[in-house]
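A.B. asks: build me a model:
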Amino acid sequence: MTLSKTPKYDFSVHYFPEKLKANGAYESRPALLIEDLLEAIEWFDCIQSHRYCHILKQKAEDMVGLAAQYNVFNAPPSHIKWLLQQAVNAYRAHFLMQQKPGEEIAFELYGKYYAGVGEKTEKYSNEETWLNALSLAILTGDKQACQDLLKVPTESFEKTGAINSTKTSLVFADLFKAFLGDEPDIDVRTDAFHRCRALAKPGAIEAVDSLFVETYAWFRTIPLFQIVAYGWGAANDDLDTVVKAAMQANYEYFSEIVPRDRAKITGGQPDIGPNSDCLNNDYAMMHINILAFMRVIYQTLGETVSFDSPFLPQWLIKGEGPSLEELKASPPEFDVSIFPPLS
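C.D. replies: Got it, this is the predicted structure:
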């Protein structure tokens, strides 16, 4: 499902530089990105350990945001991967603290070592946050983080405090676990796939949950299901078509759906279209989930898309760039010289 009135976006170019230029913020952005990272590192040392579980989720989101912008400004893969790995480290510790309250969880962040103890909670992080964390771990090649995140029980996503029923979201979470975790049991894979295929029909999700949940699914979840279908040999379209449709749906979600939902809460006219501030979202500027699903397809089938896009860096799909061991042994240095001259 796409919005028929929304023009197809040209994903060979990124909209963010032009948005910055329009606001007079383009030339100063690289220096600001370096400053933001240094401040984030310094700020974390001021946090008391009992707040780690909550703060780590925020820090992970911050690192993804920086990585997305470093990618737009053509920073080296080593620096982008280092930022993404900081997000993985933070997310992994966050989920471990939620799943193992009372236990001391050791973790590494920004090249330093910390330990924190999570408290028992009745409200867990949702399946969207979990999928983001797992996607990042797949992209950086952090096998231990992947194992830990795949162990997060789907049932915990029923206790997120969500206003809307999200029963169908758990069905897709099971499928994504099977696909991203390379589930060896064919019966488990088949059952998960068929349950999701039954939901990938207009009205099916609304009948179980709500129109709000179904709308989200058509623009964020079902496009990923279609990539799984390709990976498992059950798609009708070629890989380029499936991935471009997923990218367009992701673009429309942030340029149309999110602004409309916000306007319902805040009042006023929704800020929709190519100038929407919602397109500044980290997962709008860099298609992390699509990248991770493509990484799995490349690992299993040796295939990738035939086109280049700043939203979908091929080096991440192909697992290029320094290994985690190399990054740990020789962490990249961050200063404005890492960015090529602005055009």
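A.B. asks: contacts for the helix or strand bottoming out on mean pLDDT in the chain next, please.
C.D. replies: In the chain, no helix or strand scores lower on mean pLDDT, DSSP states H and E than helix 258-266, which sits at a mean of 87. Helix 258-266 is touched from outside by 212, 269-272, 276-278, 281, with contacts defined as Cβ atoms under 8 Å, 6 or more residues apart in numbering. The C-beta positions use only the backbone N, C-alpha and C, and glycine is treated the same way.
A.B. asks: how about a cut-off of 6 Å?
C.D. replies: The contact list for helix 258-266, computed with Cβ atoms under 6 Å, 6 or more residues apart in numbering, reads 270-272, 276, 278.
A.B. asks: distance from the chain centre to that helix, please.
C.D. replies: Mean-position distance between helix 258-266 and its chain equals 22 Å (Cα atoms, centre = their mean, to the nearest Å).
A.B. asks: CA atoms only: put that helix into PDB for me.
C.D. replies: Extracted in PDB, the C-alpha atoms of helix 258-266 (Å, rounded to 0.1, in the frame of the first residue of the first chain):
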ATOM      1  CA  VAL A 258       3.500  10.400  11.000                       C
ATOM      2  CA  PRO A 259       2.700  14.200  10.400                       C
ATOM      3  CA  ARG A 260      -1.000  13.400  10.200                       C
ATOM      4  CA  ASP A 261      -0.900  11.400  13.400                       C
ATOM      5  CA  ARG A 262       0.900  14.200  15.200                       C
ATOM      6  CA  ALA A 263      -1.600  16.800  14.000                       C
ATOM      7  CA  LYS A 264      -4.400  14.800  15.400                       C
ATOM      8  CA  ILE A 265      -2.800  15.100  18.800                       C
ATOM      9  CA  THR A 266      -1.400  18.700  18.600                       C
END
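A.B. asks: gap between residue 74 and residue 281?
C.D. replies: Applying Cβ to Cβ, to the nearest Å, the value for residue 74 to residue 281 is 20 Å.
A.B. asks: one more: residue 38?
C.D. replies: 23 Å.
A.B. asks: how about the helices of the stretch 101-250 of the chain, start to end?
C.D. replies: For the stretch 101-250 of the chain, applying DSSP state H, counting those that start in this stretch gives helices covering 127-140, 143-150, 167-180, 186-199, 204-208, 211-216, 222-231, 239-252.
A.B. asks: buried deepest among these, which one?
C.D. replies: When you average the neighbours per residue for each of those (mean count of other Cβ atoms under 10 Å), helix 127-140 leads with a mean of 25.
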